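Colleague: Structure, please.
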Amino acid sequence: MNVLVTGATGFTGGHLAQYLSARGDTVRALVRPRSRAKFEASALPAHGVSAVEGDLTDGASMKRAADGVEVVYHIAATYREAGQPDSAYRAINVDGTRHVLEAAQAGGARRVVHCSTGGVHGHIANPPANEDAPFNPGDVYQETKLEAEKMARAFGDRTGVDVVVARPIGIYGPGDTRFLRMFRGLARGNFPMIGSGKPFYHLTYIDDLVEGFRLCGSVPGAKGRTYILAGPRYTTLEQLVQLVAKELNVTPPRLHWPVWPFWTAGLLCEMVCVPLGIEPPIFRRRVDFYTKSRAFDTTRARTELGFVPGVGLEDGIKRTADWYRAEGLL
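Modeller: A predicted model of the protein is given here:
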């Protein structure tokens, strides 16, 4: 198939573009003009992925990029950056998604796979959560992602465009640095365990995730459906830390720090740093990592898509740690 991947210069989108190309699809990567050098320096061109210039904020450029493609995988989003106003999240995550949908319709695409996030559910009070669990977004990123997926479904209902929503959970693997802080902190003996360590955490290895996206884009019966894409099992945060520590051959932290001093420090740091556009050394979302449960049920994706994650948690942690070591990051 001819497909378009937005966000292809990022971790998840880049892996997806390479994976689809390797399976025989003709893959276009949406690349902003200022990201052209990053694309050329990446592994994407060598894997047969071509660049098409465009910007989510520019509807006309999106229509040019999507012209004639059969499936659009909309992975691009703005995540969490210090000092970024709420309007920037809405411009990319909501308005940008509308431009993608309109471009897909104009270009004759048969399906749009919209990447949302499991974060739209927020803290999972009654784990594990499935796709019908209550929404409880905890910050502007999650709020705008929820707004975007609701808009995408409504667009599909109104226009007949085939929209599938995917909610990935805890993405990790070689090439990603979001969990580097934990790995490096444990390796160096300075990872703080805040709170009880009993909340659940759920990870999804990148290779499994991109196969889940492919299934969302190719299984006929997925039309109009929403799928949680998550790894084979979840653990408590304390168990996850122990697994990483075991792989690194270090002793996991025994001391548990109370939550409130870190949460208060995060609030104060945000109040001072965010208006100045400075990344806070600690912020409340980082404390949420220790306190909010994330545990999910993937029955729908397994039964309707045939989604069966193949990389176990221990294996995924080992592969990730090996990559960190090879890159000199630990």
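Colleague: Assign Arg167 to helix, strand or coil.
Modeller: strand (DSSP: H, G, I helix; E, B strand; the rest coil).
Colleague: oh, and call the first residue 11 from now on, that's how I've got it
Modeller: Done: numbering now begins at 11, and the last item shifts to Arg177.
Colleague: and it, how far is that from Ala51?
Modeller: 31 Å (Cβ to Cβ, to the nearest Å). Heads up, the C-betas are built off the backbone N, CA and C, glycines and all.
Colleague: same question, Phe193
Modeller: Distance of Phe193 to Ala51, given as Cβ to Cβ: 25 Å.
Colleague: what's the neighbour count on Asp68?
Modeller: Using other Cβ atoms under 10 Å, Asp68 has 15 neighbouring residues.
Colleague: Point me to the helix or strand that includes the residue nearest to it when sequence neighbours are not counted.
Modeller: Spatially, and ignoring its direct neighbours in sequence, Asp68 is nearest to His109 (7.4 Å; Cβ to Cβ, 6 or more residues apart in numbering). If you go by DSSP states H and E, His109 is part of helix 106-117.
Colleague: next helix or strand past that helix?
Modeller: Later in the chain than helix 106-117, the nearest helix or strand by DSSP H and E is strand 121-125.
Colleague: Quick one: mean pLDDT over whichever helix or strand comes after that following strand.
Modeller: Later in the chain than strand 121-125, the nearest helix or strand by DSSP H and E is helix 150-169. Computed over helix 150-169, the mean pLDDT rounds to 96.
Colleague: Confirm for me that the residue nearest to Asp68 is in contact with Met72.
Modeller: Yes - if you go by Cβ atoms under 8 Å, His109 and Met72 touch, sitting 4.6 Å apart.
Colleague: how about the helices of the chain, start to end?
Modeller: Secondary structure of the chain (DSSP state H): helices at 21-32, 46-51, 69-76, 96-99, 106-117, 150-169, 190-197, 216-228, 247-258, 269-283, 294-301, 309-310, 323-336.
Colleague: Please export the C-alpha coordinates of the second one as CSV.
Modeller: The C-alpha coordinates for helix 46-51 follow below in CSV (Å, rounded to 0.1, in the frame of the first residue of the first chain):
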residue,chain,number,x,y,z
ARG,A,46,14.7,17.8,6.7
ALA,A,47,18.3,17.5,7.9
LYS,A,48,17.2,15.2,10.8
PHE,A,49,15.4,13.0,8.3
GLU,A,50,18.3,12.8,6.0
ALA,A,51,20.6,11.9,8.9
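Colleague: Can you list the low-confidence ranges for the stretch 61-210 of the chain?
Modeller: Within the stretch 61-210 of the chain, the ranges that satisfy pLDDT under 70 run 90-94.
Colleague: Give the residues shared as contacts by His109 and Met72.
Modeller: Leu66 (Cβ atoms under 8 Å, 6 or more residues apart in numbering).
Colleague: Between these two, which has more neighbouring residues?
Modeller: Shown here are His109 and Met72; by other Cβ under 10 Å, Met72 has more neighbours (28 against 24).
Colleague: Verify the stated contact: Ala197 with Thr261.
Modeller: No - the pair Ala197 / Thr261 is not scored as a contact, 11.3 Å apart, by Cβ under 8 Å.
Colleague: Many thanks, have a good one.
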